[in-house]
Each structure stands twice: as structure tokens, then as C-alpha cells.
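Participant: show me the folded form of this:
(one chain, ligands or ions: 1)
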Amino acid sequence: MSGSRIITFGTFDVFHIGHLRLLERAKALGDFLAVGVSTDDLNFRKKGVRPVFPQDQRLEIVQALRIVDRVFYEESLEQKRDYILAERAQILVMGDDWRGKFDELSDVCKVVYLPRTPAISTTAVIEKIRV
Ligand code: C2G
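Facilitator: Prediction:
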């Protein structure tokens, strides 16, 4: 949709091609892409572990991408509505591992779940390096 502001969220730890493709497909839905990079604390609360790379480095990597117009820290999953409104986003994009989880936000924006890139994940990369 021309003129649309897109928003998406993620940890983007050990940045890989699946992350890039998700951001590229999100940007292709509009003109402006804002990305919420989840904080180390949010990850710890959610998964019980801290990401490999600290939040300032993960944010810096995402910010350096040509397709990304704005980055900010995502402090909690429950604040999604506030972030969407603050960014004046018309479309929320999430990978389909989150399918259905954010449908309640469809009163403030369109919610789109995109298929994940198969056969790659941060966990798989870490495992591959480990062996
Ligand atoms: N992704 C993808 N294909 C992969 C791996 C990831 O399309 N093979 C997508 C995910 O679906 C997500 C984005 O890349 O949309 C970022 O992935 P993660 O860093 O794993 O994000 P996550 O920790 O799930 O996000 O509010 C959500 C939180 O910020 C957490």
C-alpha cells in the first residue's frame, strides 16, 4: 500500500538471512519501516536467556540497513499497541511463528503475518558453530 507506515518487532540476534528477508518483505508493503528491537530484559523475561549480542549492538545492526527507516527498543510485548500508535503505523508485520497472537490489535492497524524463511534460525546458527 503506497504511503503506508509499517511496523515490526524482533530480537534480531546473530542477524541472518531470515531476519533480512522478513524486513525486506515488510518494507515492500509500504514506504516507511519502523522496527522495534526487543531489549535484553524482555528476552530474559520471555525466554530465560540473554541474547548473544547486547541490545545496543542488535539495534545498531538493524538501524544500518537501507530498508529500515527508524528503530526503537521494544521493552515489553504488552506495549505493542502504544508503539503502533506512537509510530502511527498502519500495518503490523510479524513472522508467522506469531500467527494469531496480535489479532487484537487489528482495531488500530492491519495485522499481517508473513511466512518465516525455512531452515534458518539463530538457534540453528549457534548449534552449527558449536559442533
Ligand atoms: N524470522 C523469519 N524467518 C526466520 C527467522 C526469523 O522470518 N527463519 C522472522 C521472525 O518471524 C520475526 C523476525 O524474523 O518476525 C525476527 O525474529 P526474532 O529475532 O526471532 O524475533 P522474536 O524474538 O520472535 O521477536 O514482539 C516480538 C518480539 O520482539 C520477539
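Participant: just the endpoints, please. Distance across stretch 55-72?
Facilitator: With CA to CA, to the nearest Å as the measure, stretch 55-72 spans 10 Å from end to end.
Participant: again, but for stretch 95-113
Facilitator: Per CA to CA, stretch 95-113 runs 5 Å from first to last residue.
Participant: count of residues packed around the residue of the chain found nearest the ligand?
Facilitator: Taking CB to the nearest ligand atom, the ligand has its nearest neighbour within the chain at residue 95, 1.6 Å off. Just so you know, the C-beta spots here come from the backbone N, C-alpha and C atoms, and that holds for glycine as well. By the measure other CB atoms under 10 Å, the count of residues near residue 95 is 20.
Participant: then residue 79?
Facilitator: Residue 79: 13 neighbours (other CB under 10 Å).
Participant: which bits of the chain sit near the ligand?
Facilitator: Within the chain, the residues that sit near the ligand (CB under 6 Å from any ligand atom) are 9-13, 18-19, 22, 38, 74, 77, 94-95, 97, 116-117, 120-121.
Participant: buried members of these into PyMOL, please.
Facilitator: Burial among these is assessed by 16 or more other CB atoms under 10 Å; the matching PyMOL selection reads:
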select buried, resi 9+10+11+12+13+18+19+22+38+74+94+95+117+121
